[in-house]
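Undergrad: the following comprises the amino acid sequence and a computationally predicted model.
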Amino acid sequence: MSPFNNLINLSLGNRLNYIFIKALSQSPGDLNLFAHGTWGVSKALIKLIRVFTQSTDWNLYLLQNNNGHLANDANIPELQIMESGNGNANIYLDVPYEDEDAKNEVHLSYIDNSGSNPADIYIIGYKMT
C-alpha cells in the first residue's frame, strides 16, 4: 500500500464546511461577532474578511478571546490584519483561528482613526475540527 493512500483518504474524509459571518453597522471598538446557523464553531480557517466603511483611516486586529485589544492577553497574541485602511477592503487570509472562550465567536478590534464610522464586516472561512 502506498503511503499516499492515507493522505488521499484523509483529504476525502474531511470535507470542507464553508462558514460565514455577516455583521452590519459595527461601531468602532472591540467586536465579538457570531452568526447562528452560518458560523457556530470555535475553530476555523479564516480566508477572507471584507470591510465596508466610509472611514479614511482604520485598523483591524484579529483577537482570540473577548478581553479586547488593550488587554491582548490571549494564548496567541492579537494579529493586526489592516493598518491605515482607507475605505472598503478585502483582507485575504489563511489564518487558523480558535475562539479561546469557546463561544463560537470571532473577536476583532476595529479602530477608526478618522472618527467614528461604522463598518459592515463579512468573515468567510472553513470549519476546522
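TA: Received the coordinates, thanks.

Undergrad: low-confidence regions, the protein specifically.
TA: Low-confidence regions of the chain, defined by pLDDT under 70, span residues 1-15.

Undergrad: which stretches of it form strands?
TA: Along the chain, the segments classed as strands by DSSP state E run 18-26, 29-33, 43-53, 58-63, 79-85, 89-98, 106-112, 119-127.

Undergrad: next, the angle from the last one to strand 79-85.
TA: It refers to strand 119-127. Counting by axes from the mean of the first three to the mean of the last three CA atoms, to 10 degrees, strand 119-127 points 150 degrees away from the direction of strand 79-85.

Undergrad: now the angle from strand 119-127 to strand 43-53?
TA: Relative orientation of strand 119-127 versus strand 43-53 (the same axes, to 10 degrees): 160 degrees.

Undergrad: list the buried residues of strand 119-127.
TA: Judged by neighbour count (16 or more other CB atoms under 10 Å), strand 119-127 contains these buried residues: 119, 121, 122, 123, 124, 125, 127. No exception for glycine: its C-beta is placed from N, CA and C like everyone else's.

Undergrad: and residue 73, which of the strands of the chain is closest to it?
TA: When these are ranked by proximity to residue 73, the top entry is strand 58-63, at 9.5 Å, counting by CB to CB.

Undergrad: from the chain's centre, how far out does that closest one sit?
TA: Going by CA atoms, centre = their mean, to the nearest Å, the spacing between the C-alpha centre of strand 58-63 and its chain's C-alpha centre is 10 Å.

Undergrad: so what does that strand touch, helix or strand wise?
TA: Other elements packing on strand 58-63 under the criterion 3 or more CB pairs under 8 Å, 6 or more residues apart in numbering; DSSP states H and E are strand 43-53, strand 79-85, strand 89-98, strand 106-112.
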